[in-house]
Each structure stands twice: as C-alpha cells, then as structure tokens.
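Colleague: sequence first, predicted coordinates after that:
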Amino acid sequence: MPRVRIKDNWKAVLTEANKRVEEKLELSALLVERAAKEFCPVRTGTARRSITSNWYGGPGSRTVGWSANKKKGIKAGKTTISAPVKKKAIIGSNIEYFRYIELGTRFMSASAPLRRALEASWGRIKKIFGARR
C-alpha cells in the first residue's frame, strides 16, 4: 500500500479568510461612516467631523488530536475549532449631544444620520459580503 501524505493548510486558509473578512468589514464600516456624514445636519460641522468607525475581532484557535489505528495503519484525526472572537464594526460619535441628533428630543425631531446611513448602505454591504438575498 503506497503512503499518502496529506498536507494540512488550515493555518493559511484561516489566515486568508480572516484577512478577507477584516477587509470587507473595514470597507463596510467606512461606507456607513461616509453615508452618516452625508446625512448628519450641519450647523458648525463638529458633529459631522466627530463621526468615526472602528472594527474589531480576532481569529479563533484550532487544535488537532491524532490517534493511530493499528489494524489499518491509518492515522485519523479529530479537529476542534474554538469559537472565534466576533468581528464587529462600530460607527458613532464621541460628542455628548450626538444622541440628541440621532434620537431627537421633545423639542427637536430626530435626524438619525447613523440609522439612515446603515439603511442606505445595507444593499451594498450585503454585496460586499456576497449575500445572495
């Protein structure tokens, strides 16, 4: 029986997949940030300038356990992958009164630039991530 060697490329595949997800997440966050700045009302421009985006997350870990089957001479492996850290993007403002711009008050109606930006960008975000529906 000829020996067959199997090369395990899980690290390269996981690294490449994480890199692509992070690129898509960054692109989506910047897309929503740009749209939010367009929707933000301007009096002095401070609120518009304060809108920023950040994206976070890291890869999970993978462990492989091997056992030998003496009858057939084949090594069988059991793979477990721990849950990865969820990748996320946060788009917002650090200005104290921005919540009033987003949600409104009893004296002022909400202009909701963040919500409107996400709704306007949703179709493009789905295309970026390759969603079919």
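Modeller: Looks like it came in fine. Residues are numbered from 1 along each chain as shown.
Colleague: who's in contact with residue 28?
Modeller: Contacts for residue 28 (Cβ atoms under 8 Å, 6 or more residues apart in numbering) come out as 89, 121, 124, 125, 128, 129. Where C-beta positions appear, they are placed from N, C-alpha and C, glycine not excepted.
Colleague: the last one: what's its closest spatial neighbour, skipping adjacent residues?
Modeller: Same thing as residue 129. residue 24 (5.6 Å; Cβ to Cβ, 6 or more residues apart in numbering).
Colleague: for the helix or strand harbouring that neighbour, which positions count as buried?
Modeller: Assigning secondary structure by DSSP states H and E places residue 24 in helix 10-39. Neighbour-count burial for helix 10-39, counted by 16 or more other Cβ atoms under 10 Å, picks out 14, 18, 21-22, 24-25, 27-29, 31-33, 35-37, 39.
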